[in-house]
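Q: I'll drop the sequence and a predicted model, then ask my questions.
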Amino acid sequence: MTSADAAPAEPTRLVLIRHGESRSTVDRVVGGHRGCSGLTDRGVRQAKALRDRLARTGELASAKAVLTSVLPRAIETAEIIAPAFGGLEVEQRCELCEIHPGEGDGLTWEEFTTLYRPEGLASGNPYTAMAPEGESWASFFVRVGEALLRAAADHAGGTVVVVCHGGVVEGSFAGLGGLPL
């Protein structure tokens, strides 16, 4: 058999799942490494409902890996849904975290906006860090793109479930889909 006769390689599939409702969202707190306090009761129910659906349908039963960020809201979600993947261990990777807010971590969003973005978050330059010691949107999207490409390479030909954050999902479109900032 020649290489031309070889069966085509299986495609690698990345499935991005946003965490359940978070305590930091409800409390309106910047939820980075310091500010994230996990899921609300509703967020736990959402994750359990997803786990039950995935177990019932088997739609991701072929998953080869479950990856998550190191933030509690994503870890909790990943650990709740992991049984639907046949007992795969959840691997934590910081590069799958939401944008790093730097010194703004743990502040209320009102405090954060007053201190670091009085003109509003959306009007900031994508190349400027959101707060001292934090990331810019541009560097965050590069981090996300690199992390997802690495996850795909690490598990080539398989399905990888990535339990992450809304910003990571958004960043995947820029990093992998070629959409502009």
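A: Now that the structure is in, tell me what you want to look at.
Q: can you mark which positions in the strand or helix carrying residue 66 are buried?
A: Residue 66 belongs to strand 63-68 when elements are defined using DSSP states H and E. Buried residues in strand 63-68, defined by neighbour count with 16 or more other CB atoms under 10 Å: 63, 64, 65, 66, 67, 68. For glycine as for every other residue, the C-beta is placed from the backbone atoms N, C-alpha and C.
Q: try stretch 163-181
A: 163, 164, 165, 167, 168, 170, 171, 172, 174, 175.
Q: out of these, which sit inside helices?
A: The helices, defined by DSSP state H, take in 167, 168, 170, 171, 172, 174, 175 from the buried residues of stretch 163-181.
Q: between those residues, which is nearest residue 17?
A: Checking those against residue 17 with CB to CB, the nearest one is residue 168 at 10.2 Å.
Q: dump the residue contacts of the closest one.
A: Shown in contact with residue 168 (CB atoms under 8 Å, 6 or more residues apart in numbering): 16, 69, 96, 97, 98, 144, 162.
Q: would you map the strands across this structure?
A: Using DSSP state E, the strands found in the chain span residues 13-18, 63-68, 90-92, 159-164.
Q: do you know which of these lies nearest residue 41?
A: Relative to residue 41, the nearest member of the strands of the chain by CB to CB is strand 13-18, separated by 17.6 Å.
Q: give me the helices and strands touching the closest one, please.
A: Contact partners of strand 13-18 among helices and strands, from 3 or more CB pairs under 8 Å, 6 or more residues apart in numbering; DSSP states H and E: helix 137-154, strand 159-164, helix 166-175.
Q: which two among the buried residues of stretch 163-181 are spaced furthest apart?
A: 163 and 174 (19.8 Å).
Q: any idea which residue is closest to the centre of this structure?
A: Using CA atoms, centre = their mean, the residue of the chain that lies closest to the mean C-alpha position is residue 164, 2.0 Å off.
Q: quick one on the thing from earlier: specify which member of the ones in helices among the buried residues of stretch 163-181 is nearest to residue 116.
A: When these are compared for distance to residue 116 (CB to CB), residue 167 comes out closest, at 16.5 Å.
Q: shouldn't the closest one be in contact with residue 98?
A: Yes. With contact taken as CB atoms under 8 Å, residue 167 and residue 98 are classed as touching, separated by 4.8 Å.
Q: shaky segments in this structure?
A: Low-confidence regions of the chain, defined here as pLDDT under 70, cover residues 1-8, 118-124, 181.
Q: could you redo the last one with a cut-off of 50?
A: Per-residue confidence for the chain (pLDDT under 50) gives these ranges: 1.
Q: quick one on the thing from earlier: which of the strands of the chain sits closest to residue 50?
A: If you check each of those against residue 50 by CB to CB, strand 13-18 wins as the nearest, at 7.2 Å.
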